[in-house]
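# My questions are about this predicted structure, shown below with the sequence.
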Amino acid sequence: MGHLGDGALRRLIDEPLAMSDSERFHYQHCEHCQARRREYEAQAESAGQLLAVGPAEVDTQAALRAVTARSAHPASAPVRLFARSASSLNAFRRPILIAAALLALTSVAVTAGPAVLTTTIFEPKAPVTAVTVNPPAGETQGAIAGLPDLSAYGDMTVIKKAQTQTGVTPDEAASTTGLKVLTPPAQYATGAVTYTTVTASEGSFTFSKAKAIAAAQAAGKPAPVFPDGIDGSTIDVTAGPALVEVFGTVDKNSTLSNLPLILAQSKAPVVKSTGVSYEQLEAFLVAQPGIAGNPSLVAAIHAIGAPLAAGQIAIPVPADRATSKDETGNGVPGVLISENTGLASALVWQKGDIVYAAGGHFDESQLLAIYKSIG
């Protein structure tokens with residue numbers, strides 16, 4: 001068979017067990033495909049520096065990347081609430097439960113340089129919302145292989161790096177994060193509890209047209225598009241702190257059918273700018289080579305962007321993998337997102353400036369009971 005498509009290699013980073021036997025055999029014996037996967041993984045790590053968390057020391061570290069998709073590439077598959085296999089539970093390691101979805105359109109702008117930040121372009125106050133999106137046309141065939149490396153479009157610097165601690169006491173978790181430890185109904189908290197904290201983080205990104213052009217030329221990619229107002233602008237993102245509680249064990253033997261209760265909360269991210277607006281950032285993104293020529297991808301970006309521009313945290317829900325439903329607990333609106341197999345679900349809601357999520361191998365009625373008890 002020929003080399004694996006870019007879509008297959010990108011999915012491999014999140015879902016290593018999703019490959020067919022023939023694809024796996026080819027990948028294991030093809031240095032070219034292995035090198036391309038390493039390149040994509042490095043790009044994802046670069047653009048996700050602000051939200052990334054170092055490995056924890058216990059098995060429950062895998063629970064930290066809950067309710068997220070990769071933020072490194074705007075064209076990546078939308079937020080995956082739960083992985084489809086044990087290996088894909090690595091997706092739980094990101095501390096900010098909704099930040100990856102929130103920053104999907106501004107993922108290039110996640111780290112920093114000194115600047116006078118004059119405008120807050122995102123500070124979510126409204127209820128969270130789900131946006132159903134379809135996979136970009138041709139993704140599985142590598143049709144979006146020309147996507148640019150947006151991390152090369154300027155200068156990134158982490159201002160305040162998130163620090164992760166796992167295995168702390170409830171009092172330590174509350175003291176470190178300033179967040180209240182959540183207590184679900186006893187019948188849903190059947191395992192030993194592991195608490196993981198993530199401190200607040202901050203970073204910014206300054207756009208550079210000259211660097212973007214040079215990077216595109218070096219990579220043999222089409223020249224980037226820089227509308228007026230983008231070059232030299234700086235975006236600053238503050239996220240966290242966050243607290244994750246795992247009521248049981250998440251390890252290499254975990255599957256969707258035995259996923260324990262996971263409760264997570266994080267202070268909602270705030271995005272500031274030296275002048276460029278959210279609408280300008282969205283227009284900048286959809287104009288880039290590799291994106292502009294893919295109508296379904298552009299449509300998905302606009303669909304997610306509309307609620308973001310209105311101040312709502314938008315959770316992209318892939319139409320072929322999950323469903324969403326509005327719910328309310330104690331007068332607080334939220335979104336129930338269920339994986340298509342029915343094995344795992346999550347409820348996400350915002351109260352004040354805190355975003356919460358509860359998920360695991362639970363049905364709708366069970367999650368609603370948990371939601372209402374702690375919402």
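Ah, there it is.
# neighbours of Pro227, just the number please.
Using other CB atoms under 10 Å, Pro227 has 12 neighbouring residues. To be clear about C-beta, it is placed using only N, CA and C from the backbone, and glycine gets the same treatment.
# what bits of the stretch 51-200 of the chain have low per-residue confidence?
By pLDDT under 70, the weakly predicted segments of the stretch 51-200 of the chain are 51-118, 135-149.
# tell me the phi and psi of Asp366?
Not Asp; residue 366 is Gln. Backbone dihedrals for Gln366, given as degrees, to the nearest 10, come out at phi -70, psi -40.
# That one: neighbouring residues, count only.
Other residues close to Gln366 by other CB under 10 Å number 17.
# Grab the nearest non-local neighbour of it.
Among residues not flanking Gln366 along the chain, Tyr188 sits closest, at 6.6 Å (CB to CB, 6 or more residues apart in numbering).
# and that neighbour, backbone torsions?
phi -100, psi 0.
# so what's it up against?
When the contact criterion is CB atoms under 8 Å, 6 or more residues apart in numbering, the partners of Tyr188 are Phe247, Leu261, Phe362, Gln366, Ala369, Ile370.
# and the gap between it and Gly360?
The span separating Tyr188 from Gly360 equals 8 Å under the rule CB to CB, to the nearest Å.
# go on, Thr190?
In this view, Thr190 and Gly360 are 11 Å apart by CB to CB.
# quick one, which of those two is more surrounded?
Between Thr190 and Gly360, counted using other CB under 10 Å, Gly360 has the larger neighbour count: 26 against 10.
# Using JSON lines, lay out the contacts of Tyr188 together with secondary structure, pLDDT and distance to Lys209.
Formatted as JSON lines, the contacts of Tyr188 follow (DSSP: H, G, I helix; E, B strand; the rest coil; pLDDT from 0 to 100; distance: CB to CB, whole Å):
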{"residue": "Phe247", "secondary structure": "strand", "pLDDT": "92", "distance to Lys209": "49"}
{"residue": "Leu261", "secondary structure": "strand", "pLDDT": "91", "distance to Lys209": "48"}
{"residue": "Phe362", "secondary structure": "coil", "pLDDT": "89", "distance to Lys209": "49"}
{"residue": "Gln366", "secondary structure": "helix", "pLDDT": "90", "distance to Lys209": "52"}
{"residue": "Ala369", "secondary structure": "helix", "pLDDT": "90", "distance to Lys209": "53"}
{"residue": "Ile370", "secondary structure": "helix", "pLDDT": "89", "distance to Lys209": "49"}
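# With distance to Ser151 added, can I get the residues you listed in TSV?
Below are those laid out as TSV (distance: CB to CB, whole Å):
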residue	distance to Ser151
Phe247	36
Leu261	35
Phe362	37
Gln366	40
Ala369	42
Ile370	38
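# ok, how many other residues are close to Arg36?
One way to gauge burial is a neighbour count; for Arg36, by other CB under 10 Å, it gives 18.
# Please indicate which of the contacts of Tyr188 are buried?
Neighbour-count burial (16 or more other CB atoms under 10 Å) is assigned, among those, to Phe247, Leu261, Phe362, Gln366, Ala369, Ile370.
# Tell me, how many residues neighbour Ile213?
Using other CB under 10 Å, Ile213 is surrounded by 14 other residues.
# Return the list of helices and strands in contact with the one helix or strand it maps to.
Element membership for Ile213 (DSSP states H and E) is helix 209-219. Other elements packing on helix 209-219 under the criterion 3 or more CB pairs under 8 Å, 6 or more residues apart in numbering; DSSP states H and E are strand 154-160.
# Report the strands that pair with the strand it packs on, each with its relative direction.
If you go by DSSP bridges, strand 154-160 pairs up with strand 201-207 (antiparallel).
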